[in-house]
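[1] generate coordinates for the sequence data below:
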Amino acid sequence: MTSNFYSKKTVVVAKSDPADYTTIGEAIKNAQPETRILVKPGIYRESIVIDKSLEILGDGKVSDIVIEATNLNCILMQTDYAIVRGLTLRECTVGVCVPKGQLILEDCDLTAYDCGIVICGSKANPIIRRCCIHDGQGNGIQIKDNGQGVIEDCDIYGNTYSGVYIDKVGNPTIGRCRIYDGKKDGIWITYNGLGTIEDCDIYGNTAPGVDISKGSNPTFRRCQLENHPFPGSKIEKGRNPFFRLFL
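    Residues are numbered from 1 along each chain as shown. Down below sits the predicted model:
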């Protein structure tokens, strides 16, 4: 997939092989905007702040390129545009926090203590594709405080709380995702949450597959809702969500 900028320079991060840097944070600190950072296999115990337009790309199997950030975010987005692809993010409070900008996050595997991905604030508009967000101790993805974004072709499963939690006028577009085997709701939309959810499979969650409450009015199109405790969906009286071919 092509990026929105042409990377002028490539630098390499590796733990043991010959490389320009041994930590991702050091590479970011010294990189010029629009640099491509290739990350070789290894376990990188650090918390990353992306504060300039960069590509950070795993160079190897996703499962072999690991960022661990105990009690911190693995990645904090602090610039207008960046690309991250092909990393495993684990042992962290939040896998990826996006309070601003358009982060293109693709082909990553995330497990976090609190939340896999947090999208918060009106300046946040990431694009998340083909990621696995799973087995965390909180929500899989949370979109809040007017946060937006596009979430496509992701597997969100096995999380302790909701697979997707939308509140406080969060308004994402979620398409072709599989949201399943969570310990609570598949999707919980509350406190004036919005969102457009299309062509998603929501199944096998312990609580209702969809819970809509407290002034929320999302749109669902062509979604499959299966194998949940009765009722499969829970909609607060007075809410008027839009459903089309919701099965």
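[2] can you pull out the low-pLDDT segments for this structure?
    Filtered on pLDDT under 70, the chain yields the residue ranges 1-7, 230-231, 237-247.
[3] rerun that using 90 as the cut-off
    Where the chain drops to pLDDT under 90, the residues are 1-8, 16-18, 70-71, 227-247.
[4] all helices of it, in order?
    Using DSSP state H, the helices found in the chain span residues 24-30.
[5] so which residue is smack in the middle of it?
    The structure's the chain has its C-alpha centroid closest to residue 117; by C-alpha atoms, centre = their mean the separation is 3.9 Å.
[6] go ahead and confirm it touches residue 147.
    No: the criterion here is C-beta atoms under 8 Å, and residue 117 misses it with residue 147 at 10.4 Å. Quick note: C-beta positions are derived from backbone N, CA and C, even for glycine.
[7] show me the contacts for the residue nearest to residue 210 when sequence neighbours are not counted.
    Among residues not flanking residue 210 along the chain, residue 233 sits closest, at 4.3 Å (C-beta to C-beta, 6 or more residues apart in numbering). Neighbour list for residue 233: 208-212, 225, 246 [criterion: C-beta atoms under 8 Å, 6 or more residues apart in numbering].
[8] in strands, which of those appear?
    Using DSSP state E, the subset of those located in strands is 210-212, 225.
[9] now these in TSV, with neighbour count?
    Formatted as TSV, the entries for the ones in strands among the contacts of residue 233 read as follows, by neighbours: other C-beta atoms under 10 Å:
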residue	neighbour count
210	29
211	22
212	24
225	21
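[10] out of those, which one sits closest to residue 69?
    For the ones in strands among the contacts of residue 233, the closest approach to residue 69 (C-beta to C-beta) belongs to residue 211, at 30.6 Å.
[11] so what's the closest one up against?
    So residue 211 contacts 162, 185, 187-190, 233-235 (C-beta under 8 Å, 6+ apart).
[12] distance to residue 32 added to the ones in strands among the contacts of residue 233, as CSV?
    Formatted as CSV, the ones in strands among the contacts of residue 233 follow (distance: C-beta to C-beta, whole Å):
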residue, distance to residue 32
210, 46
211, 46
212, 46
225, 48
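[13] what is the neighbour count of residue 35?
    Residue 35 has 19 neighbouring residues, counting by other C-beta atoms under 10 Å.
[14] just to revisit the earlier point, which one among the ones in strands among the contacts of residue 233 gets closest to residue 219?
    residue 212 (11.0 Å).
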